[in-house]
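Visitor: what would the 3D arrangement of this be:
(one chain, ligands or ions: 1)
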Amino acid sequence: MYSEKVMEHFRNPRNVGEIPDADGVGTVGNPVCGDMMAIYIKVTENRISDIKFKTFGCGAAVATSSMITELAKNKTLEEAMKITRKDVADSLGGLPPVKMHCSNLAADALHEAIKNYRKKLEADKSE
Ligand code: FES
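Guide: Numbers count the residues shown, from 1 in each chain. The predicted model follows:
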């Protein structure tokens, strides 16, 4: 039911871990399945220079987290904000319909991390 690409990212996830001094962190959860995902970003000159994730969830949640870190790395914040759950699912060769929400979680976590970074930037400016 999973594509070979999903299985490959699940078995060998990229960019796993935490960035202790991250510039932005996005944490999201799905109340229905209980899965949780956190994405950490470092931003250099408006680009995502480093990105890591921690996911407590199903295989598709791990694979979509892994894939989104690859899609977002070295992108500008504006480009990364435009990455959709469909981009993630398509890059993985598709996901079963019941697993589409897992890619939603990954896109949401990335967008939350960027929003968190921007909020911190605003707070720093107003100090
Ligand atoms: Fe909920 Fe995968 S089953 S994130």
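
Visitor: elements contacting the top helix by length along the chain?
Guide: Secondary structure of the chain read by DSSP state H shows that its longest helix is helix 100-125. Judged by 3 or more C-beta pairs under 8 Å, 6 or more residues apart in numbering; DSSP states H and E, the packing partners of helix 100-125 are strand 24-29, strand 36-44, helix 59-72, helix 77-81, helix 85-91. Where you see a C-beta, it was placed from the backbone N, CA and C, and this is true even at glycine.

Visitor: ok, Lys99 - contacts?
Guide: Cys58, Ala60 (C-beta atoms under 8 Å, 6 or more residues apart in numbering).

Visitor: at 7 Å instead, please
Guide: Contacts for Lys99 (C-beta atoms under 7 Å, 6 or more residues apart in numbering) come out as Ala60.

Visitor: could you export the helices and strands packed on helix 100-125 as JSON lines, including mean neighbour count and distance to the ligand?
Guide: Below are the helices and strands packed on helix 100-125 laid out as JSON lines (neighbours: other C-beta atoms under 10 Å; distance: least, C-beta to the nearest ligand atom, whole Å):
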{"stretch": "strand 24-29", "mean neighbour count": "19", "distance to the ligand": "9"}
{"stretch": "strand 36-44", "mean neighbour count": "22", "distance to the ligand": "8"}
{"stretch": "helix 59-72", "mean neighbour count": "24", "distance to the ligand": "4"}
{"stretch": "helix 77-81", "mean neighbour count": "16", "distance to the ligand": "20"}
{"stretch": "helix 85-91", "mean neighbour count": "18", "distance to the ligand": "11"}
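
Visitor: and of the ones you listed, who's closest to Glu18?
Guide: Nearest of the helices and strands packed on helix 100-125 to Glu18, taken as C-beta to C-beta: strand 36-44 at 5.8 Å.
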